[in-house]
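Visitor: sequence first, then the predicted structure, then my questions.
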Amino acid sequence: MNLPNKISISRIIIALVIVVILLFPFDSAGIITYKIFVNESIVVDIKYVIVGVLFIIASVTDYFDGYFARKLKCSSDFGKMIDAIADKFLIDSVLIILSTIGFIHPALAVVVVMRDVLVDSIKRYCASCGIVFGSSKLARVKTILFMVSITMILFYNLPFELMNLKIADIVLVVASILSIVSGFEYYGNVKKALFKKKK
């Protein structure tokens, strides 16, 4: 297994650790999680700060696996697959959990997961037809925006929250819109390729 693939797998492992921390019933287990009182309306649970740091580390690995794949010239279909899986594990799972605890609107998580399921299904069908499409620039931008917005949410949108600026929410909505648009873009490219192939 080459270095980029190991980095992608490390991102999956970090994503699983994040999920465990977010879902673990600390209160029921009698474990006290420290809280930081920023002001009378903002109380930061240290649990989310820890998850935020782990999320940043995992997000950074998304850059390095691609960087080393290009530098070492060891890009492979398996590498592309495991990289996509790692991104889904990291982003989709956290979005779902954040929606269940009220940090984000559930509709955003539903839209993103539905889009990913649809695109992945199309990818599998295309692969069976011998057609392979990589991620578009738009899809990469939406992934970056999701990572930025989730990080900001985990850090309670600070310092912007002190100025009553919902920057994290805005970035998340933009990322969700780009997710839908990139999904249609992918479908359009695949449709053209399949139609041309049938000719």
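Guide: The structure has been received and is ready for your questions. Numbers count the residues shown, from 1 in each chain.
Visitor: centre-most residue in this protein?
Guide: Relative to the mean C-alpha position of the chain, the nearest C-alpha, by CA atoms, centre = their mean, is the one of Ile91, at 2.3 Å.
Visitor: not counting its neighbours along the chain, what's nearest it?
Guide: Phe146 (5.0 Å; CB to CB, 6 or more residues apart in numbering). C-betas here are computed from N, CA, C, even on glycine.
Visitor: now do Ile104
Guide: That would be Leu98: by CB to CB, 6+ apart, it lies 4.9 Å from Ile104.
Visitor: that neighbour: neighbour count?
Guide: 21 (other CB atoms under 10 Å).
Visitor: and for Met152?
Guide: 21.
Visitor: cool, the one 3 residues further on as well?
Guide: The number of residues packed around Phe155, counting by other CB under 10 Å, is 20.
Visitor: distance check, it against Ile9.
Guide: Distance from Phe155 to Ile9, counting by CB to CB, to the nearest Å: 26 Å.
Visitor: residue boundaries of the helices in the protein?
Guide: 3-23, 46-71, 77-100, 106-128, 137-154, 167-198 (DSSP state H).
Visitor: in JSON lines: those, plus distance to Thr33 and mean pLDDT.
Guide: Shown next, in JSON lines, are these (distance: least, CB to CB, whole Å; pLDDT from 0 to 100):
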{"stretch": "helix 3-23", "distance to Thr33": "10", "mean pLDDT": "93"}
{"stretch": "helix 46-71", "distance to Thr33": "5", "mean pLDDT": "91"}
{"stretch": "helix 77-100", "distance to Thr33": "16", "mean pLDDT": "89"}
{"stretch": "helix 106-128", "distance to Thr33": "24", "mean pLDDT": "86"}
{"stretch": "helix 137-154", "distance to Thr33": "14", "mean pLDDT": "94"}
{"stretch": "helix 167-198", "distance to Thr33": "21", "mean pLDDT": "84"}
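Visitor: would JSON lines of these with distance to Tyr34 be doable?
Guide: Conversion of the helices of the chain to JSON lines gives the following (distance: least, CB to CB, whole Å):
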{"stretch": "helix 3-23", "distance to Tyr34": "14"}
{"stretch": "helix 46-71", "distance to Tyr34": "4"}
{"stretch": "helix 77-100", "distance to Tyr34": "20"}
{"stretch": "helix 106-128", "distance to Tyr34": "28"}
{"stretch": "helix 137-154", "distance to Tyr34": "16"}
{"stretch": "helix 167-198", "distance to Tyr34": "22"}
